[in-house]
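Participant: Build me a model:
(4 chains)
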2 protein chains.
Amino acid sequence: MSKDQLRTYIQSFVVLSNEEMEQFLSSFEEVKVKKRQFIVQPNFINQYRTFVVKGAFRTYAVADNGQEHTLQFAIENWWVSDFNSYIYQHPATLFVVALEDSTILQLAFNKEQALKKANHKFETFFRIMAEKGLAFEHRRILFDLTHSAEARYENFLLNFPNFVQRVPQYALASYLGMTTEFLSRIRNKRTRKKS
Amino acid sequence: MSKDQLRTYIQSFVVLSNEEMEQFLSSFEEVKVKKRQFIVQPNFINQYRTFVVKGAFRTYAVADNGQEHTLQFAIENWWVSDFNSYIYQHPATLFVVALEDSTILQLAFNKEQALKKANHKFETFFRIMAEKGLAFEHRRILFDLTHSAEARYENFLLNFPNFVQRVPQYALASYLGMTTEFLSRIRNKRTRKKS
DNA sequence: ACTACATCAACCTTTTTTCTTGATCTGCTT
DNA sequence: AAGCAGATCAAGAAAAAAGGTTGATGTAGT
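Facilitator: Numbering: from 1, shown residues only, chains lettered A, B, ... in the order given. Below is the predicted model:
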């Protein structure tokens, strides 16, 4: 069952009794989405916190000039949402789209509230998720601010080698803050160097 | 201006003064969508009633086994929505996707409510739209129930010759309730016969 | 046994998407 | 002023996806 994966994930952060775990897991719904399908769109409220069981997603914004900016990638065992929309239950500004046929587990906002009210440990779990996320973004921003395009790419390669083969290059470029052409040149330079 | 088209359309059903017409039209927003873009998706509420100014759309459901069933096509001067979702403001169960780059006019649910409250004639217009739609679907269901795949195709050809060139064949097959292979054979048989 | 249609698999064609490359800018730094 | 990091634009090439066709085989109802 696909919830086993989420179970294992949760167990790595908090200790729950069997009943607690079942209560927690039963609040999630399994959903399958196809490549290119959106699970969040601007103007609609992001109703679910979603855990990726299988597949890959990309979160991005479209600027007024039409440029896309990728904020996050998510593959197996990552969470993905427009968190500003989810947490405040305001209309989303981001797109979240499947990059592959995927299976996800979704937790509705009101169910999450109920869980947190019901049991302190659940609250703890979500707190840990938020802190991890915050710390991650801080690292990212700091790194990006202080490194060249090539260094940012190398760093991504090092930290997320398994993402590289699965995300389209234009998306990676827009995540790393450069044009797709420039990323293409960087890659080309590297491979020539190596061989 | 693209609202001229809607104006002409409306005039063919109700008589409105200039001010009434302007009030009515000003409730619509023009939106451009690209081919393959969704304007309605399952789980999200269908917030707009949409009028096709230019382009083509397809409304379909995906069954549990993954099969797609096309409920409606819409080209210029047709309306398209997940009406169950729009009317009841419940989450949609259907997809509505652009088959071509398109221009549409969208009326938000609450604006429609305001219009209907404001003026009896507006209410009349929407009533006529609904009745036309209902009658159309009844004709369709009855015909489909009582005719063979080939007859259904011939009938579609006869009634909507301008749709045929614009909708992909797999979509038409799923609208007519047959497999894409079978439709391919029917078409093939016909053209051989003709020449 | 025949008709009407489905399923599956292979294959082809066309369209779309993604990536690459060259040429030409631009705005800093040094 | 030259050099570097990186953008922009245009043209192609390569890869992937979408759409369509065909043959073989199966099935349910008359």
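Participant: Going by C-alpha atoms from here, please, whenever you check contacts or count neighbours.
Facilitator: Will do.
Participant: Chain A: helices as residue ranges?
Facilitator: A:3-11, A:18-26, A:83-88, A:109-118, A:120-145, A:149-159, A:161-164, A:169-176, A:180-194 (DSSP state H).
Participant: So which of those helices is the most surrounded?
Facilitator: Among the helices of chain A, helix A:169-176 has the highest mean neighbour count (mean count of other C-alpha atoms under 10 Å in any protein chain shown), at a mean of 20.
Participant: starting at the chain centroid, how far to that helix?
Facilitator: Chain-centre distance of helix A:169-176: 15 Å, with C-alpha atoms, centre = their mean, to the nearest Å.
Participant: Give me the angle between that helix and helix A:180-194.
Facilitator: Helix A:169-176 runs at 100 degrees relative to helix A:180-194, counting by axes from the mean of the first three to the mean of the last three C-alpha atoms, to 10 degrees.
Participant: Could you list the alpha-carbon positions for stretch A:155-174 in PDB?
Facilitator: Extracted as PDB, the C-alpha positions of stretch A:155-174 are listed here (Å, rounded to 0.1, in the frame of the first residue of the first chain):
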ATOM      1  CA  ASN A 155      25.800  22.500  -6.200                       C
ATOM      2  CA  PHE A 156      22.500  21.300  -7.500                       C
ATOM      3  CA  LEU A 157      24.200  18.400  -9.100                       C
ATOM      4  CA  LEU A 158      25.900  17.500  -5.900                       C
ATOM      5  CA  ASN A 159      22.900  17.800  -3.600                       C
ATOM      6  CA  PHE A 160      20.200  16.500  -5.900                       C
ATOM      7  CA  PRO A 161      21.800  14.100  -8.300                       C
ATOM      8  CA  ASN A 162      18.600  12.200  -8.700                       C
ATOM      9  CA  PHE A 163      16.600  15.200  -9.600                       C
ATOM     10  CA  VAL A 164      18.800  16.200 -12.500                       C
ATOM     11  CA  GLN A 165      17.800  13.400 -14.800                       C
ATOM     12  CA  ARG A 166      14.100  13.800 -14.000                       C
ATOM     13  CA  VAL A 167      13.500  17.500 -14.400                       C
ATOM     14  CA  PRO A 168      13.500  19.200 -17.800                       C
ATOM     15  CA  GLN A 169      16.400  21.500 -18.300                       C
ATOM     16  CA  TYR A 170      14.400  24.600 -18.900                       C
ATOM     17  CA  ALA A 171      12.800  24.000 -15.500                       C
ATOM     18  CA  LEU A 172      16.100  23.600 -13.800                       C
ATOM     19  CA  ALA A 173      17.500  26.700 -15.500                       C
ATOM     20  CA  SER A 174      14.500  28.700 -14.200                       C
END
